[in-house]
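Q: turn this into a model:
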Amino acid sequence: MSIFLNIKTQLANQKVTLVAVSKTRPNEAILEKYEQEQRIFGENRVQELVQKYETLPKDIEWHLIGHLQKNKVKFIAPFVKMIHSVESTKLLTEINKQAKKHNRVIDCLLQIKIAQEDSKFGMDEAAVLELLNSEQLSGYQNVRIVGVMGMATFTVDKNQVRTEFKRLKTVFDRLKSTFFVEKTYFKEISMGMSGDYSIAIEEGSTMVRIGSLIFN
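A: Sure, this is the predicted structure:
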């Protein structure tokens, strides 16, 4: 059995969703995974995501997992299933606006900054609370906040990675009990990639983003 099928089976048994990170991968490689029953794929760049959506099977569930600029939302609003990288009220407002034009509801994850690296995007907890407490949020009918996302520091120190994942789980639990206690859809913790997904699952991840490990 291939590494991909081994990981796919493992995650299915643990009830963890696999987002196959297909950035820079050719359509042929994606179709190979598609033929092995993989339907959820994640892309970092809007232009590449749009091109692949237009040419690949329409039952693929596309996730935008990279940094998203407001002026690019309109290109993916007609079809994207989930946006993992919501890091401001302004961005969420734009997603709601563009989704409304297409009579869609787009699932969103709040990206929380848990890494020490400056290059990583995401909100601190104060910014998250400001977003969730904003009056305009209640009027958004075309976005649905379904959980949180975070990226750990790129390091060989597994204890640091584990600590950062624990922090994200703590934030999720706090938000769940404060803002989403009756919302069954608020259930996703997107954390863990090829090098650290096992630790992420141990710390409560419900969704992992794996690319190089399954496409090589």
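Q: what sits against the residue nearest to the spatial centre of the chain?
A: Nearest to the geometric centre of the chain sits residue 84, at 3.1 Å (C-alpha atoms, centre = their mean). By C-beta atoms under 8 Å, 6 or more residues apart in numbering, the residues touching residue 84 are 42, 63-65, 109, 111, 149, 190, 209. Where C-beta positions appear, they are placed from N, C-alpha and C, glycine not excepted.
Q: can I get the CA coordinates of the strand or helix carrying it in PDB?
A: Taking DSSP states H and E as the criterion, residue 84 maps to strand 82-86. This file holds the C-alpha atoms of strand 82-86, laid out as PDB (Å, rounded to 0.1, in the frame of the first residue of the first chain):
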ATOM      1  CA  MET A  82     -13.600  26.500   2.800                       C
ATOM      2  CA  ILE A  83     -11.200  29.300   3.400                       C
ATOM      3  CA  HIS A  84      -8.700  28.400   6.200                       C
ATOM      4  CA  SER A  85      -7.000  31.800   6.400                       C
ATOM      5  CA  VAL A  86      -9.400  34.400   7.700                       C
END
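Q: longest single helix anywhere in this protein?
A: Criterion DSSP state H: the longest helix present in the chain is helix 158-179.
Q: residues making contact with it?
A: Contact with helix 158-179 is made by 110, 112, 114-116, 125, 128, 132, 147-148, 150, 152-153, 155, 186, 189, 191-192, 196, 199-200, 202-205, as judged by C-beta under 8 Å, 6+ apart.
Q: run the chain-centre distance for that helix.
A: 15 Å (C-alpha atoms, centre = their mean, to the nearest Å).
Q: avg pLDDT for that helix?
A: The pLDDT scores in helix 158-179 average 97.
Q: now that helix - C-alpha only, PDB.
A: What follows is helix 158-179 as a C-alpha-only set of coordinates in PDB (Å, rounded to 0.1, in the frame of the first residue of the first chain):
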ATOM      1  CA  LYS A 158       8.800  18.700  18.800                       C
ATOM      2  CA  ASN A 159       8.000  20.100  22.200                       C
ATOM      3  CA  GLN A 160       7.700  23.600  20.900                       C
ATOM      4  CA  VAL A 161       5.400  22.300  18.100                       C
ATOM      5  CA  ARG A 162       3.300  20.400  20.600                       C
ATOM      6  CA  THR A 163       3.000  23.500  22.800                       C
ATOM      7  CA  GLU A 164       1.800  25.600  19.900                       C
ATOM      8  CA  PHE A 165      -0.800  23.000  18.900                       C
ATOM      9  CA  LYS A 166      -2.000  22.900  22.500                       C
ATOM     10  CA  ARG A 167      -2.300  26.700  22.400                       C
ATOM     11  CA  LEU A 168      -4.600  26.500  19.300                       C
ATOM     12  CA  LYS A 169      -6.700  23.800  20.900                       C
ATOM     13  CA  THR A 170      -7.100  26.000  24.000                       C
ATOM     14  CA  VAL A 171      -8.200  28.900  21.900                       C
ATOM     15  CA  PHE A 172     -10.700  26.700  20.000                       C
ATOM     16  CA  ASP A 173     -12.200  25.400  23.300                       C
ATOM     17  CA  ARG A 174     -12.500  29.000  24.700                       C
ATOM     18  CA  LEU A 175     -14.200  30.200  21.500                       C
ATOM     19  CA  LYS A 176     -16.500  27.200  21.400                       C
ATOM     20  CA  SER A 177     -17.700  27.700  25.000                       C
ATOM     21  CA  THR A 178     -18.000  31.500  24.700                       C
ATOM     22  CA  PHE A 179     -19.400  32.100  21.200                       C
END
